[in-house]
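Engineer: Quick one, what's the 3D model for this:
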Amino acid sequence: MSTGICGIILAAGESTRMGRDKALLAWPTDSTSSTLLSTTIRAFSDSCDFVLVVVGGNELALAPVVFGEGAFLVRNPQPERGQFSSMQTGLQEVLNRGRDIAMITLVDRPPPRPETLTQLVDAFSTRDHSTWAVIPEYQGKHGHPILVGRELIEALLRVPATSTARDILHANQPHILYVKVEDPFVTQNINTPQEYLDLQGER
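Structural biologist: Below is the predicted model:
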(Lines give C-alpha, C1' and ligand atoms only; values in the text may rest on other atoms or scores of the structure.)
Protein backbone atom coordinates (compact mmCIF):
# COMPACT_ATOMS: atom_id res chain seq x y z
CA MET A 1 0.00 0.00 0.00
CA SER A 2 1.35 3.43 -0.93
CA THR A 3 2.01 5.76 1.99
CA GLY A 4 2.98 8.73 -0.16
CA ILE A 5 6.10 9.11 1.99
CA CYS A 6 9.61 9.44 0.57
CA GLY A 7 12.49 8.49 2.85
CA ILE A 8 15.64 10.62 2.99
CA ILE A 9 18.85 9.42 4.62
CA LEU A 10 21.57 12.06 4.93
CA ALA A 11 24.91 10.34 4.40
CA ALA A 12 27.20 12.92 2.77
CA GLY A 13 29.34 13.71 5.82
CA GLU A 14 33.06 13.02 6.00
CA SER A 15 32.89 11.22 9.38
CA THR A 16 36.10 12.93 10.52
CA ARG A 17 35.62 12.16 14.24
CA MET A 18 34.86 8.51 13.54
CA GLY A 19 37.85 8.05 11.24
CA ARG A 20 35.85 6.00 8.73
CA ASP A 21 32.52 6.37 6.98
CA LYS A 22 29.78 5.97 9.58
CA ALA A 23 27.34 4.77 6.94
CA LEU A 24 29.40 1.58 6.58
CA LEU A 25 29.70 0.75 10.28
CA ALA A 26 28.35 -2.71 11.10
CA TRP A 27 24.83 -2.73 12.53
CA PRO A 28 24.01 -4.57 14.65
CA THR A 29 27.54 -4.00 15.88
CA ASP A 30 28.41 -7.70 15.59
CA SER A 31 27.04 -8.04 12.06
CA THR A 32 29.25 -9.17 9.19
CA SER A 33 26.83 -8.16 6.45
CA SER A 34 24.61 -5.25 7.58
CA THR A 35 25.58 -1.62 8.10
CA LEU A 36 23.97 1.48 9.57
CA LEU A 37 23.05 2.52 6.05
CA SER A 38 21.65 -0.79 4.86
CA THR A 39 19.56 -1.40 7.99
CA THR A 40 18.16 2.14 7.91
CA ILE A 41 17.20 1.76 4.25
CA ARG A 42 15.42 -1.49 5.11
CA ALA A 43 13.65 0.08 8.09
CA PHE A 44 12.48 3.04 6.01
CA SER A 45 11.38 0.82 3.12
CA ASP A 46 8.60 -0.63 5.27
CA SER A 47 7.07 2.84 5.77
CA CYS A 48 8.12 4.71 2.61
CA ASP A 49 7.30 4.30 -1.07
CA PHE A 50 10.98 4.77 -1.87
CA VAL A 51 14.18 5.86 -0.13
CA LEU A 52 16.72 8.48 -1.23
CA VAL A 53 20.27 8.47 0.14
CA VAL A 54 22.07 11.81 -0.14
CA VAL A 55 25.81 11.32 -0.64
CA GLY A 56 28.85 13.49 -1.29
CA GLY A 57 32.43 12.54 -1.99
CA ASN A 58 31.65 9.05 -0.66
CA GLU A 59 29.34 8.27 -3.60
CA LEU A 60 31.41 5.39 -5.00
CA ALA A 61 31.76 3.74 -1.59
CA LEU A 62 28.06 3.93 -0.74
CA ALA A 63 26.53 3.26 -4.16
CA PRO A 64 26.72 -0.57 -3.90
CA VAL A 65 24.86 -0.50 -0.56
CA VAL A 66 22.27 2.00 -1.79
CA PHE A 67 21.47 0.13 -4.98
CA GLY A 68 21.77 -3.27 -3.31
CA GLU A 69 18.99 -2.31 -0.91
CA GLY A 70 16.76 -0.92 -3.67
CA ALA A 71 17.18 2.74 -2.72
CA PHE A 72 18.08 5.72 -4.90
CA LEU A 73 21.26 7.77 -4.75
CA VAL A 74 21.23 11.57 -4.82
CA ARG A 75 24.51 13.49 -4.85
CA ASN A 76 24.93 16.77 -3.04
CA PRO A 77 27.06 18.73 -5.51
CA GLN A 78 28.59 20.77 -2.69
CA PRO A 79 28.65 18.64 0.48
CA GLU A 80 31.20 20.99 2.02
CA ARG A 81 28.30 23.42 2.57
CA GLY A 82 27.15 21.15 5.38
CA GLN A 83 24.35 18.85 6.44
CA PHE A 84 21.54 21.32 5.83
CA SER A 85 22.53 21.58 2.17
CA SER A 86 22.22 17.79 1.93
CA MET A 87 18.74 17.98 3.41
CA GLN A 88 17.78 20.60 0.83
CA THR A 89 19.21 18.41 -1.95
CA GLY A 90 17.09 15.49 -0.77
CA LEU A 91 13.93 17.55 -0.33
CA GLN A 92 14.24 19.06 -3.79
CA GLU A 93 14.49 15.55 -5.22
CA VAL A 94 11.32 14.61 -3.33
CA LEU A 95 9.47 17.45 -5.06
CA ASN A 96 11.09 16.58 -8.41
CA ARG A 97 9.60 13.10 -8.06
CA GLY A 98 6.13 14.51 -7.49
CA ARG A 99 5.95 13.80 -3.76
CA ASP A 100 5.39 16.17 -0.86
CA ILE A 101 5.94 14.11 2.30
CA ALA A 102 9.41 13.16 3.53
CA MET A 103 10.75 11.05 6.38
CA ILE A 104 14.25 12.34 7.16
CA THR A 105 17.04 10.89 9.27
CA LEU A 106 20.82 11.00 9.62
CA VAL A 107 22.94 7.98 8.79
CA ASP A 108 24.90 8.31 12.04
CA ARG A 109 21.96 7.26 14.22
CA PRO A 110 20.92 3.70 15.05
CA PRO A 111 17.93 2.71 12.89
CA PRO A 112 14.64 3.39 14.67
CA ARG A 113 12.54 0.48 15.84
CA PRO A 114 9.63 -0.62 13.59
CA GLU A 115 7.03 0.34 16.19
CA THR A 116 8.54 3.83 16.37
CA LEU A 117 8.12 4.35 12.64
CA THR A 118 4.55 3.04 12.84
CA GLN A 119 3.78 5.54 15.60
CA LEU A 120 5.20 8.44 13.62
CA VAL A 121 3.45 7.49 10.38
CA ASP A 122 0.14 7.02 12.18
CA ALA A 123 0.48 10.41 13.86
CA PHE A 124 1.31 12.07 10.57
CA SER A 125 -1.51 10.41 8.66
CA THR A 126 -4.11 11.54 11.23
CA ARG A 127 -2.72 15.07 11.73
CA ASP A 128 -4.85 18.15 11.20
CA HIS A 129 -4.13 20.80 8.57
CA SER A 130 -2.16 22.99 11.00
CA THR A 131 0.46 20.28 11.62
CA TRP A 132 3.35 20.42 9.16
CA ALA A 133 5.76 18.01 10.82
CA VAL A 134 5.90 15.11 13.28
CA ILE A 135 9.00 14.60 15.45
CA PRO A 136 9.73 11.79 17.93
CA GLU A 137 10.44 12.61 21.57
CA TYR A 138 12.20 10.32 24.02
CA GLN A 139 12.54 11.31 27.68
CA GLY A 140 12.06 14.97 26.83
CA LYS A 141 14.57 15.02 23.97
CA HIS A 142 13.59 15.48 20.34
CA GLY A 143 15.13 13.21 17.72
CA HIS A 144 14.92 11.58 14.30
CA PRO A 145 13.44 10.59 11.97
CA ILE A 146 11.23 13.59 11.33
CA LEU A 147 8.23 13.57 9.01
CA VAL A 148 7.60 16.77 7.10
CA GLY A 149 4.79 17.81 4.77
CA ARG A 150 4.69 20.20 1.84
CA GLU A 151 4.48 23.38 3.90
CA LEU A 152 7.63 22.65 5.88
CA ILE A 153 9.47 21.26 2.86
CA GLU A 154 8.94 24.59 1.13
CA ALA A 155 10.03 26.50 4.24
CA LEU A 156 13.24 24.43 4.41
CA LEU A 157 13.96 25.02 0.74
CA ARG A 158 13.35 28.78 0.86
CA VAL A 159 16.23 29.57 3.20
CA PRO A 160 19.99 29.68 2.45
CA ALA A 161 22.09 26.52 2.71
CA THR A 162 23.90 28.18 5.62
CA SER A 163 20.74 27.84 7.74
CA THR A 164 20.08 25.02 10.20
CA ALA A 165 17.10 22.70 10.36
CA ARG A 166 16.81 23.45 14.07
CA ASP A 167 16.27 27.17 13.38
CA ILE A 168 13.58 26.49 10.79
CA LEU A 169 11.80 24.01 13.03
CA HIS A 170 11.96 26.46 15.94
CA ALA A 171 10.47 29.21 13.76
CA ASN A 172 7.57 26.89 12.88
CA GLN A 173 7.05 25.47 16.37
CA PRO A 174 3.24 25.88 16.36
CA HIS A 175 3.03 23.56 13.35
CA ILE A 176 5.04 20.67 14.85
CA LEU A 177 3.59 17.66 16.65
CA TYR A 178 5.94 15.90 19.06
CA VAL A 179 5.19 12.22 19.57
CA LYS A 180 6.48 10.44 22.68
CA VAL A 181 8.14 7.12 21.82
CA GLU A 182 9.84 4.41 23.86
CA ASP A 183 12.89 4.22 21.63
CA PRO A 184 16.23 5.62 22.89
CA PHE A 185 17.71 5.28 19.41
CA VAL A 186 15.80 8.34 18.13
CA THR A 187 18.02 10.65 20.19
CA GLN A 188 21.38 8.85 19.96
CA ASN A 189 24.23 9.99 17.72
CA ILE A 190 27.23 7.93 16.68
CA ASN A 191 30.06 10.39 16.10
CA THR A 192 33.09 8.73 17.69
CA PRO A 193 34.47 5.19 18.04
CA GLN A 194 33.61 5.28 21.76
CA GLU A 195 29.97 6.22 21.10
CA TYR A 196 29.79 3.31 18.67
CA LEU A 197 31.27 0.88 21.20
CA ASP A 198 28.85 2.13 23.86
CA LEU A 199 25.97 0.85 21.75
CA GLN A 200 27.28 -2.73 21.69
CA GLY A 201 24.44 -5.03 22.53
CA GLU A 202 21.75 -2.33 22.34
CA ARG A 203 19.05 -3.16 19.78
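
Engineer: rest of the way, CA atoms for contacts and neighbours
Structural biologist: OK.

Engineer: Quick check: beta-bridge partners of Lys180?
Structural biologist: Applying DSSP bridges to Lys180 gives these bridge partners: Glu137.

Engineer: what sits up against the helix or strand of the chain with the lowest mean pLDDT?
Structural biologist: Sorting the helices and strands of the chain by mean pLDDT, DSSP states H and E puts helix 193-198 at the bottom, at a mean of 85. Identification of contacts with helix 193-198 by C-alpha atoms under 8 Å, 6 or more residues apart in numbering yields Met18, Asn189, Ile190.

Engineer: Report the buried members of these.
Structural biologist: With neighbours counted using 16 or more other C-alpha atoms under 10 Å, those contain these buried positions: Met18, Ile190.

Engineer: quick one: least confident of the contacts of helix 193-198?
Structural biologist: Within the contacts of helix 193-198, Met18 has the lowest pLDDT, namely 76.

Engineer: if I look at the spatially closest residue to it that is not a sequence neighbour, how far off is Gly149?
Structural biologist: Nearest non-adjacent residue to Met18, counting by C-alpha to C-alpha, 6 or more residues apart in numbering: Thr192, 4.5 Å away. Thr192 sits 32 Å away from Gly149, taking C-alpha to C-alpha, to the nearest Å as the criterion.

Engineer: now swap in Glu182 and tell me
Structural biologist: In terms of C-alpha to C-alpha, Glu182 sits 24 Å off from Gly149.

Engineer: who's more crowded, those two?
Structural biologist: Gly149 (18 against 13; other C-alpha atoms under 10 Å).

Engineer: Isn't Gly13 up against Val53?
Structural biologist: No - applying C-alpha atoms under 8 Å as the test, Gly13 and Val53 come out as separate, 11.9 Å apart.

Engineer: and these two? which has more neighbours close in?
Structural biologist: The neighbour comparison of Gly13 against Val53 (other C-alpha under 10 Å) goes to Val53, with 27 against 22.
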